[in-house]
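Undergrad: Turn this into a model:
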Amino acid sequence: MAGAALTLTSDDFSDGGTMPNALVYSGMGFRGDNRSPSLHWTGVPAGTRSFALAMHDPDAPTTVGFTHWILFDLDSGLTGLAAGAGTDERKPAGSTHGLNDYPETAYCGPAPPPGAAHHYHFTLYALDVPKLEGAGSLLTYPRFRFMIRGHVLAEATLTGRFGQ
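TA: Numbers count the residues shown, from 1 in each chain. Just a heads-up that it's a prediction; the model follows:
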């Protein structure tokens, strides 16, 4: 629908809902499946030439939060990602994983310390460039945010929660 706002949804959890164990990290005492969620988007603005996605936990006990996933250079014709697209074997053709804070170039699910549930923000960016030139797979979250600066046509955030 023309003029609609960019929206991001998942079959795995609702906005503000609890993320299932299938999406939780496998390691560090966690026994999740470490599978990235299915994601779907609508309301793509005119002029979109690519998409980028980041998953960030602002509640992590650091001064800057914790990045769990960066995926960029997603084709502008996509309307979503299949569950499990957070691995190099299953990511869309032509896309690139950035370096998360584990540090790995893949999706790494929630693994918060004991206490209050953390909020995991999946943010999709509609960009006016076809590729983040020179980004590469060692792209960190701060550099990612710097590189998309001035190129974001719209963004949508879906928030999942998980705690132990």
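Undergrad: before we move on, what SS does the spatially closest residue to residue 30 that is not a sequence neighbour have?
TA: Nearest non-adjacent residue to residue 30, counting by CB to CB, 6 or more residues apart in numbering: residue 111, 5.0 Å away. No exception for glycine: its C-beta is placed from N, CA and C like everyone else's. Assigned state for residue 111: coil (three-state reduction, DSSP: H, G, I helix; E, B strand; the rest coil).
Undergrad: just residue 54 next, same as before
TA: On the basis of three-state DSSP, residue 54 is classed as strand.
Undergrad: List the contacts of it.
TA: Contact analysis of residue 54 by CB atoms under 8 Å, 6 or more residues apart in numbering lists 67, 69, 70, 71, 98, 121, 122, 123, 125, 141, 144.
Undergrad: wait, what's in contact with residue 156?
TA: Residues counted as contacts of residue 156 (CB under 8 Å, 6+ apart) are 5, 6, 7, 8, 41, 43, 123, 124.
Undergrad: Can you say which of those are buried?
TA: Among the contacts of residue 156, those classed as buried by 16 or more other CB atoms under 10 Å are 6, 7, 8, 41, 123, 124.
Undergrad: how much space between the second one and residue 44?
TA: When CB to CB, to the nearest Å is applied, the distance between residue 7 and residue 44 equals 10 Å.
Undergrad: what about the helices in this structure?
TA: For the chain, the helices defined by DSSP state H occupy 141-148.
Undergrad: Would you map the strands across it?
TA: Assigned by DSSP state E, the strands in the chain fall at 7-9, 26-27, 30-31, 39-42, 50-57, 66-75, 80-81, 96-97, 118-127, 152-162.
Undergrad: So which of those is nearest residue 90?
TA: Among the strands of the chain, strand 80-81 comes nearest to residue 90, with 9.0 Å by CB to CB.
Undergrad: And for that closest one, what's in contact with it?
TA: 36, 38, 39, 40, 41, 53, 71, 74, 92.
Undergrad: Apart from its chain neighbours, what residue comes closest to residue 58?
TA: Per CB to CB, 6+ apart, closest to residue 58 is residue 65, 4.2 Å.
Undergrad: any idea how far residue 37 is from the one you found?
TA: Taking CB to CB as the measure, residue 65 falls 19 Å from residue 37.
Undergrad: Pull the contacting residues for residue 107.
TA: By CB under 8 Å, 6+ apart, residue 107 lies in contact with 34, 35, 36, 55, 68, 69, 71, 85, 86, 87, 100.
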